[in-house]
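J.: Any chance you could fold what I've pasted below:
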Amino acid sequence: MQSFSQETNKPDSQIHLAKAALIYAKYEYPRLEIQDYLTTLDIIAQRIKEELNPPLYPLKVIETINKFLFDKLGFQGNTNNYYDPDNSYLNEVIDKKTGIPITLSVVYLEIAKRLDFPMVGIGMPGHFLIRPQFEDVGIFVDVFNKGEILFKEDCEVKLQEIYQQPITLEDHFLSPVSNQQILGRMLTNLKYIYLNRQEYPKMLRIIELLLQLFPNHPLEIRDRGLLYYQLRQWEKATVDLQLYLSILPTAEDAQTIRQLLQQMR
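T.: Purely as a prediction, here's the structure:
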């Protein structure tokens, strides 16, 4: 099996998003056949292509994808069990046809790519969106809500609904994100799900994947060190926490980390 680092250690435009997501899913589902799921995406895209008739303007393509994915195949947002870890594994999302905004968006992005209709991920705080990769197109797609089409003003309303307070939509909230950032956000979701479930060995595996994606990321090194501490692996904890302090000696939690190191000594 190709390793996660092999797939992601490339120029960002060459990272195969679905393949990378399926590679990390294989650690949780060892019997998963990656090519089977890539073929499923190929078949879905081919069937949508057969329903598309020129002229292929953006709204028409989006409406055709929406109709097929959500009405015909029944893909939907998992509102009943949002924090189920399976929502962050692409194979499970494809099998169950349910997921969270970012994984459903990956399915949509991969299908759009196969239709030669380039789209990009939008990492809005609290909610992941996508949009066509054209200049000044002005529309966004909320895949979690069955492909609802949004304008910039709608995104601000959605943001205020999520945070239950008045929030001004800043331009950078709607900036496109890279494939690496998408994978990082998916893995970070899993990291905190496993933390809340106190499934520390699985959380450790996710942090290792995040560090393959973002080598020497200080916060991931710190969190791995704290996890080793929780697992009573003192030597590994010490190495990571000392490395964290060497990278960020004036971090806000530096004193707390130093006290923890003192305790382990």
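
J.: so who does residue 34 touch?
T.: 1, 19, 22, 23, 26 (CB atoms under 8 Å, 6 or more residues apart in numbering). C-beta: built from backbone N, CA, C; applies to glycine.

J.: how near is the closest residue to residue 15 other than its chain neighbours to residue 8?
T.: In this structure, residue 15 finds its nearest non-sequential neighbour in residue 179, 4.2 Å apart by CB to CB, 6 or more residues apart in numbering. For residue 179, the distance to residue 8 (CB to CB, to the nearest Å) stands at 8 Å.

J.: what do the two both touch?
T.: Common contact partners of residue 179 and residue 8 (CB under 8 Å, 6+ apart): 15, 20.

J.: Put the buried members of the contacts of residue 34 into a ChimeraX selection.
T.: Under the burial definition 16 or more other CB atoms under 10 Å, those of the contacts of residue 34 that qualify are selected in ChimeraX by:
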select :19,22,23,26
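
J.: Out of the contacts of residue 34, which is nearest to residue 60?
T.: Ranked by distance to residue 60 (CB to CB), the contacts of residue 34 are led by residue 19 at 28.8 Å.

J.: Show me the contact partners of the helix or strand containing the closest one.
T.: Here residue 19 sits within helix 17-28, counting by DSSP states H and E. By CB under 8 Å, 6+ apart, the residues outside helix 17-28 that reach it are 1-4, 7-8, 32, 34, 37-38, 41, 85, 89-92, 103, 106, 109-110, 179, 182-183, 186-187, 202, 205, 209.

J.: can you tell me which of those residues are in helices?
T.: Counting by DSSP state H, the part of the contacts of helix 17-28 found in helices is 4, 7-8, 34, 37-38, 41, 90-92, 103, 106, 109-110, 179, 182-183, 186-187, 202, 205, 209.

J.: Now which of those residues would you call buried?
T.: Buried residues within these, counting neighbours by 16+ other CB under 10 Å: 4, 7-8, 34, 37, 41, 90-92, 103, 106, 109-110, 179, 182-183, 186-187, 202, 205, 209.

J.: give the contact list for residue 58.
T.: By CB under 8 Å, 6+ apart, the contact list for residue 58 reads 117, 132, 134, 137, 139.

J.: Next up, phi/psi of the second one, please.
T.: Just to be clear, that refers to residue 132. phi -60, psi 150 (degrees, to the nearest 10).

J.: where's it relative to residue 208, distance?
T.: Note on residue 132: its distance to residue 208, by CB to CB, is 35 Å.

J.: quick one, which of the two is more surrounded?
T.: Between residue 132 and residue 208, counted using other CB atoms under 10 Å, residue 132 has the larger neighbour count: 19 against 15.

J.: Now the more buried one: closest residue in space, sequence neighbours ignored.
T.: residue 58 (4.8 Å).

J.: now do residue 77
T.: Residue 77 sits nearest to residue 144 (CB to CB, 6+ apart), 3.9 Å away.

J.: I am assuming that neighbour contacts residue 103, so please confirm or correct that.
T.: No: contact status for residue 144 versus residue 103: not in contact, 9.6 Å apart, counting by CB atoms under 8 Å.

J.: Phi and psi next, for the residue nearest to residue 132.
T.: Torsion angles, degrees, to the nearest 10, at residue 58: phi -50, psi -50.

J.: ok now stretch 182-201, how far from the chain's centre?
T.: Offset of stretch 182-201 from its chain centre (CA atoms, centre = their mean, to the nearest Å): 11 Å.

J.: Please pull out the lowest mean pLDDT helix or strand from the protein.
T.: Least confident helix or strand of the chain, by mean pLDDT, DSSP states H and E, is helix 152-163 with a mean of 89.

J.: Just after that helix, pick out the following helix or strand.
T.: Following helix 152-163 in sequence, per DSSP H and E, is strand 176-177.
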